[in-house]
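Visitor: Structural data only, the sequence is not supplied:
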């Protein structure tokens, strides 16, 4: 049995494990909520612009997505702050959000990450709660 298994079998460690899962759940939910708020803020303060995915990086930059868009009569070819392998393909149109102070840094909402964090948070709390009922 590994050190993790011995830790869980120790007296009082079940309570500690439950506390850790509750804490992780709350942290994940808070992180997801902050990202959700950031998406709302981004949509309120930035200009929505159509763009086209021109290139998806390879090698060390394989998760970098480049888009081309026009903002205030100037054409930009910039990297996004987010990559989703399931929905982003070269040549595909995409909506980006542009802050007027820094138009060279397009942004996209990170909905998948929000749902993942929120889901993991609720799962951790559920796991800790179900562990309470068995005692």
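Guide: Yep, it's here. Small disclaimer: the values here were computed from a predicted structure and weren't measured.

Visitor: What residues sit buried inside the lengthiest helix in the chain?
Guide: Longest helix in the chain, counting residues (DSSP state H): helix 13-45. For helix 13-45, the neighbour count (16 or more other Cβ atoms under 10 Å) marks 17-18, 21-22, 24-25, 28-29, 31-32, 35-36, 39, 42 as buried. C-betas here are computed from N, CA, C, even on glycine.

Visitor: tell me the SS of residue 104?
Guide: coil (DSSP: H, G, I helix; E, B strand; the rest coil).

Visitor: Not counting its neighbours along the chain, what's nearest it?
Guide: Excluding its sequence neighbours, the residue lying closest to residue 104 (Cβ to Cβ, 6 or more residues apart in numbering) is residue 78, at 5.4 Å.

Visitor: What of residue 127?
Guide: Using Cβ to Cβ, 6+ apart, the nearest residue to residue 127 is residue 21, at 5.4 Å.

Visitor: before we move on, back to that, and the residue nearest to residue 104, which of the three is it?
Guide: Classification of residue 78 using three-state DSSP returns strand.

Visitor: which element is the closest residue to residue 89 other than its chain neighbours on?
Guide: In this structure, residue 89 finds its nearest non-sequential neighbour in residue 53, 6.6 Å apart by Cβ to Cβ, 6+ apart. Using DSSP states H and E, residue 53 maps to strand 47-56.

Visitor: Thanks a lot, catch you later.
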